[in-house]
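1. One predicted model, sequence on top.
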Amino acid sequence: MISKDIYQAAYFLEKNDIIAIPTETVYGLAANIYSEIAIKKIFETKGRPQNNPLIVHIGTKDAVFDLVTHIPEKAKILIDKFWPGPLTLVLPKKDTVSNSITSGKDTVAIRMPNHPDTLKLLQLIKFPIAAPSANPFGSISPTTAQHVANYFENTIPMILDGGDCTNGIESTIIGFENEIPVLYRLGSIAVEDIESEIGAIHINNFEEQKPNAPGMMLKHYAPSTPTLLVSNVTDAIDHYKNKKIGLLTFTSKYSSPNLAHQEILSNNSNINEAATNLYAAMHRLDRLHLDLIIAEEFPNNQLGRAINDRLKRASKKE
Ligand code: TXA
Ligand code: MG
């Protein structure tokens, strides 16, 4: 059921059910963090491996103190600047945060989302919610209530409809190792914007086999249609001229007889708008029964870097 009823949403969460909630990044699959039953339902519903921890969503900045034992100075600066907003901080957890949320880690990922309906919901229920993106593990994240319904209409009791997600890409995740900030996942807040607040951050090599955040696993965010990320679209179209192709580009328009459909993410080269539109475009392309989706590499700075990261994972073979 897709509904705008925040009280109904609170009712389900209070009785250990899981529901989909809107955030500014993507829709989440939400559970009361103090309900082991509800948390178990999240892992089952998503088909998510147990070793992949969840993000806890809080309704006020102060709620972070209930969950963590220490907040590094630079984390405090980031909280002041970016909460509520698409920034997740990984901090040392209190014992009250269950191991089933953190997959046994001694840290917990936390953010205060910037969506009016979900903030209101968090005020009503008075407990934080754990919420991964509301998609089956590995598939394209949802940025509309309808995307969630396409995946889970028959398995969850309610999708709280808060409209289209305004940012469209998951939160940026920052952890701290000996007080040094480390980027765990590229996301909706550009690295440049974080560094202008707290100076240089350590950036892991995301292609490594052992990522800090399992969401940085190699194949992820993937359409069921084979997807290719290329720097030269014309060559790629030419190379696959016997295939029915769907194209995903930043601003350029291409034409070719075997191009069945093209998604342009921003007509006026606005990288934030491109990020907002990315997943919806991928969902549309994936429904067209194409042989191949060809995606064009984005400029590798600001949010272009996060978009390239998602497209790289979407196009990984395994
Ligand atoms: O924008 C978002 O962050 C969305 C919305 C719903 O808030 N949520 C989201 O959740 O993207 P999910 O579960 O799809 O991704 C959470 C990521 C995973 O990569 C997970 O491994 C990482 O956060 N994570 C969670 N706890 C962690 C921890 N203690 N240490 C390192 N990474 C952690
Ligand atoms: Mg996800």
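-> Right, received. Where do you want to start? Ligands and ions are numbered 1, 2, ... in the order given.
2. does the strand or helix carrying residue 303 come close to ligand 1?
-> Assigned by DSSP states H and E, residue 303 falls within helix 302-314. No: looking at helix 302-314 against ligand 1 by Cβ under 6 Å from any ligand atom, there are no contacts, and the closest approach is 11.1 Å. Using the backbone N, CA and C atoms, a C-beta is placed for each residue, glycine as well.
3. Mind giving me the packing neighbours of that helix?
-> Of the remaining helices and strands, those touching helix 302-314 by 3 or more Cβ pairs under 8 Å, 6 or more residues apart in numbering; DSSP states H and E are strand 227-230, helix 271-286.
4. so what secondary structure elements neighbour the last one?
-> The reference is to helix 271-286. For helix 271-286, the helices and strands in contact under the criterion 3+ Cβ pairs under 8 Å, 6+ apart are helix 145-152, strand 245-249, strand 259-264, strand 292-296, helix 302-314.
5. Switch the ones you listed over to JSON lines; also include mean neighbour count and distance to residue 51.
-> As requested, the helices and strands packed on helix 271-286 are exported to JSON lines (neighbours: other Cβ atoms under 10 Å; distance: least, Cβ to Cβ, whole Å):
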{"stretch": "helix 145-152", "mean neighbour count": "20", "distance to residue 51": "22"}
{"stretch": "strand 245-249", "mean neighbour count": "25", "distance to residue 51": "31"}
{"stretch": "strand 259-264", "mean neighbour count": "17", "distance to residue 51": "34"}
{"stretch": "strand 292-296", "mean neighbour count": "24", "distance to residue 51": "29"}
{"stretch": "helix 302-314", "mean neighbour count": "21", "distance to residue 51": "18"}
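6. Can you add mean pLDDT and give these back as TSV?
-> Supplementary listing: the helices and strands packed on helix 271-286 in TSV, determined by pLDDT from 0 to 100:
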stretch	mean pLDDT
helix 145-152	98
strand 245-249	98
strand 259-264	97
strand 292-296	97
helix 302-314	96
